[in-house]
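Q: Give the three-dimensional model of this entry:
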Amino acid sequence: FFFQAHVKMQPHGTSIVLSTLLTLMLIVPATMSLGLSRPQFLRTITIATTTAASPPLPSATTFIEDPRGFAYSVLTPPTSELRPVRGQTVKCDYTLTLQSFEGPQIDSSRGFLGSPLSFPVGVGQVIKGWDFAVRDMGPGERRLLVVPASLGYGEKEVGSPLKKIPANSTLYFDVTLVDIGAVPNFDQKQRDWLEAHPEES
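A: Residues are numbered from 1 along each chain as shown. Presented below is the predicted three-dimensional model:
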């Protein structure tokens, strides 16, 4: 069947920066531990994508429903088996739209003045949907993500008057994992924090 784009989705906190503030639209306070366990069950769905994006999207894409609440489709496979560990810094290019993949664009790291978003994955520095999805991705991998409000910004309205994300919005991301940084060497305080904030299953 065709997934019509009204799944439910959230974040935890709201540090938003648009354009200059928009570049970090994904960032949330680091008080939440967001992690992932490998999916035990996956179901495929199909979403129609009719718009040209950068790079172009296929006209129709099969999505996998992850049991943690979001859906994804792998457009470009990873170049290696490497996957980021929790707390490791990654760089991602992304485009965010609302309503559908051909809906209004809210933010993008792509383009003449754009640059990849860098963040430590799996420790609550970005919305939960990203922490879950990016931890499963490999270098060079490109995915489409459908993130419900419960794994995005929840009941909060975020952004600026010109680039606003309404409360309870489903988020549509085109994400490429550009780079995985060095394996982190955590100090004792960081190890204690990770132990006190285990990954979600």
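
Q: CA atoms for contacts and neighbours, from now on please.
A: Will do.

Q: From M137, how far off is the closest residue to G181 other than its chain neighbours?
A: Of all residues not flanking G181 in the chain, T89 sits nearest, at 5.2 Å (Cα to Cα, 6 or more residues apart in numbering). T89 is 13 Å from M137, where distance means Cα to Cα, to the nearest Å.

Q: With neighbour numbers in mind, choose between the two.
A: Between T89 and M137, M137 has the larger neighbour count (other Cα atoms under 10 Å), namely 22 against 18.

Q: Isn't that one up against P78?
A: Yes: between M137 and P78 there is a contact under Cα atoms under 8 Å: 7.2 Å.

Q: in stretch 62-79, what counts as buried?
A: 62-66, 68-75, 78 (16 or more other Cα atoms under 10 Å).

Q: Out of the residues you listed, which two are the most distant from each other?
A: By the measure Cα to Cα, G69 and P78 form the most distant pair in the buried residues of stretch 62-79, at 22.6 Å.

Q: Quick check: phi and psi on F132?
A: Phi and psi for F132, reported as degrees, to the nearest 10, are phi -60, psi -50.

Q: Against N185, how distant is it?
A: 22 Å.

Q: higher neighbour count, those two?
A: F132 (26 against 10).

Q: I'd say that one and V123 touch.
A: No: counting by Cα under 8 Å, F132 does not reach V123; the two are 10.2 Å apart.

Q: tell me which residues in the helix or strand containing A133 are buried?
A: A133 belongs to helix 128-135 when elements are defined using DSSP states H and E. If you call a residue buried by 16+ other Cα under 10 Å, then helix 128-135 has these buried ones: 128-135.

Q: Strands of this structure, start to end?
A: 43-48, 60-65, 71-76, 89-98, 105-108, 117-120, 142-147, 158-159, 164-165, 171-180 (DSSP state E).

Q: So for D192, which of those sits nearest?
A: Across the strands of the chain, closest to D192 is strand 117-120 (Cα to Cα), at 16.6 Å.
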